[in-house]
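Novice: Dropping the sequence and predicted coords here.
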Amino acid sequence: MTPETNQNEINPRRFSIPDSIKYVFREQRLLFVLVGIGIAALISNVVLIRPSSTWHSQPIANSFHIVEPAFVPRRIAFELHSDHANAGRRIPLGLKSKRLRVLVTGGSGFVGSHLVDRLMARGDSVIVVDNFFTGRKENVLHHLRNPRFELIRHDVVEPVMLEVDQIYHLACPASPVHYKYNPVKTIISFFKDHKTNVVGTLNMLGLAKRINARFLLTSTSEVYGDPLEHPQVETYWGNVNPIGVRSCYDEGKRVAETLTMDYHRGLNIEVRIARIFNTYGPRMCLDDGRVVSNFVAQALRKEPMTIYGDGKQTRSFQYVSDLVEGLMRLMEGDHVGPFNLGNPGEFTMLELAKVVQDTIDPSAKIEFRPNTEDDPHQRKPDISKANELLGWQPVVPLQEGLPMMVSDFRQRIFGEHKESRSKFSSV
């Protein structure tokens, strides 16, 4: 090997930066490197940027063009929530392909647990937040092993940080039994109801604002008070006693509606408002003071069914599956509301007692007691707005829905009795 060869060869054992530079400049290798870079740049410019089907350009200052993608990157799409911004492009419930992440406050309660069942069956990921004040863990136990389900023990009067697409705000004690036994409990229940309706709603609206989620408030027909219009339409402002024994619930829900609309108008939050009329079905609390659950539990226990007043006051009763369908249509629809969700079929308390007798025990007794304060004389929803804009109406009549509720109550009441007797025998 000659000395000249030794000078031209790079010794791999003594590889250095000067050797690399010498190699690049030798025999026009640099020219080939620059040509390769130029060809690559030309190909990327022509193939990836020029076609109008993928990109579009916008002139700036008549001499430069900024090339922008016609699609929105995934991260930006998540932050903008473009599916919420243009509700008109929403896919009908049965055709949805995107799995949503949904928060249900009060999701272990009567209505909430049935809503969770529907959302889970649709393929969504569901987070339930509940303090179990009126809800029961048993209502959602069948979902605990599902990786798409989460259960969090939390009171909505305290803030919570979660990442979701939709918020169904159902958390609120709604039964009169919680605030009518004595003055002390009444004051405590006033405080709890107002705190849940006002502070809890504020917290959930704040969460919806931070994460750009769609928010649905479950309000109530109680916002109409003892109505002077019949049936009640959404434009009716109501006849509520602001200092009565029911006002903590009635006025609390009215304030919650006000807050929801203020967030919608002032902060452009996507909101929905449902005014729920009397609802019944499996998983209702056995002794919550509501007329349907009272009649069914009393008839099953061979106790007299209690009617307050003369029994001529009217109510409308919708089965829980009808309500859940209405809530989901409202959430996925294009309209804010409020919407009445209820069954326009009207029953007096005496007529309801007769249906319960026919279903459970024809010999069940009826007991009359003095009427309660501010008890509405008539309650019937006008659902023409929901029918027209949501395509919704109840389909389960009382004569079909009540036996399903009775079956659930019978199993729970007599199951509890058997369990109590077995514990007593073991002691």
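Specialist: Good, I have the coordinates. Numbers count the residues shown, from 1 in each chain.
Novice: Quickly note the distance from the residue most central in space within the chain to T218.
Specialist: In the chain, the centroid-proximal residue (Cα atoms, centre = their mean) is Y168; its distance is 1.9 Å. Relative to T218, Y168 is positioned 7 Å away (Cβ to Cβ, to the nearest Å). For glycine as for every other residue, the C-beta is placed from the backbone atoms N, C-alpha and C.
Novice: can you check D334 too?
Specialist: 19 Å.
Novice: so the closest residue to R379 other than its chain neighbours bridges to which residues?
Specialist: Excluding the flanking residues, the one nearest R379 by Cβ to Cβ, 6 or more residues apart in numbering is R315, at 5.0 Å. According to DSSP bridges, the residues that bridge with R315 are F347.
Novice: ok, R315 - contacts?
Specialist: 278, 291, 346-347, 349, 352, 379 (Cβ atoms under 8 Å, 6 or more residues apart in numbering).
Novice: let's see it at 10 Å
Specialist: 221, 277-278, 290-292, 342-343, 345-349, 351-352, 376, 378-380 (Cβ atoms under 10 Å, 6 or more residues apart in numbering).
Novice: Now the buried members of the residues you listed.
Specialist: 221, 277-278, 290-292, 342-343, 346-349, 352, 376, 378-380 (16 or more other Cβ atoms under 10 Å).
Novice: Which ones among the residues you listed lie within strands?
Specialist: 346-348 (DSSP state E).
Novice: on that earlier part again, anything in contact with each of Y168 and T218?
Specialist: Common contacts of Y168 and T218 (Cβ under 10 Å, 6+ apart): 105-106, 111-112, 115, 272, 274, 327, 330.
Novice: Inside helices: which ones of the residues you listed?
Specialist: 111-112, 115, 327, 330 (DSSP state H).
Novice: what's around the nearest residue to V296 once chain neighbours are set aside, how many residues?
Specialist: Leaving aside its sequence neighbours, V296 sits nearest to F409 (Cβ to Cβ, 6+ apart; 5.1 Å). By the other Cβ atoms under 10 Å criterion, the neighbourhood of F409 contains 22 residues.
Novice: Could you number the chain from 43 rather than 1 from now on?
Specialist: Understood, numbering begins at 43; the last thing we discussed is F451.
Novice: Let me know the helix or strand that F451 is in.
Specialist: Secondary-structure element containing F451, defined by DSSP states H and E: helix 440-468.
Novice: pLDDT (mean, whole number) over that helix?
Specialist: Averaging pLDDT along helix 440-468 gives 78.
Novice: Buried subset of the ones in helices among the shared contacts of Y210 and T260 as a ChimeraX selection?
Specialist: Buried residues among those (16+ other Cβ under 10 Å), as a ChimeraX selection:
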select :153,154,157,369,372
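Novice: Which pair of the ones in helices among the shared contacts of Y210 and T260 spans the longest distance?
Specialist: Farthest apart among those by Cβ to Cβ are G154 and L372. That separation is 15.3 Å.
Novice: residues contacting V398?
Specialist: Counting by Cβ under 10 Å, 6+ apart, V398 touches 333-334, 336-338, 340-342, 347, 406, 408, 440, 444, 447-448.
Novice: Toward the C-terminus, what is the element adjacent to the helix or strand where it lies?
Specialist: Assigned by DSSP H and E, V398 falls within helix 391-401. As assigned by DSSP H and E, the chain's next helix or strand after helix 391-401 is strand 408-411.
Novice: so where is the stretch 243-392 of the chain shaky, pLDDT-wise?
Specialist: Along the stretch 243-392 of the chain, no part satisfies pLDDT under 70.
Novice: give me that answer again for 80
Specialist: 287-290 (pLDDT under 80).
Novice: how about the helices in it?
Specialist: 243-253, 289-309, 333-342, 362-374, 391-401 (DSSP state H, counting those that start in this stretch).
Novice: what's the angle from the first one to helix 289-309?
Specialist: Counting by axes from the mean of the first three to the mean of the last three Cα atoms, to 10 degrees, helix 243-253 points 20 degrees away from the direction of helix 289-309.
Novice: what packs against helix 243-253?
Specialist: Under the contact criterion of 3 or more Cβ pairs under 10 Å, 6 or more residues apart in numbering; DSSP states H and E, helix 243-253 touches strand 143-147, strand 208-211, strand 256-262, helix 289-309.
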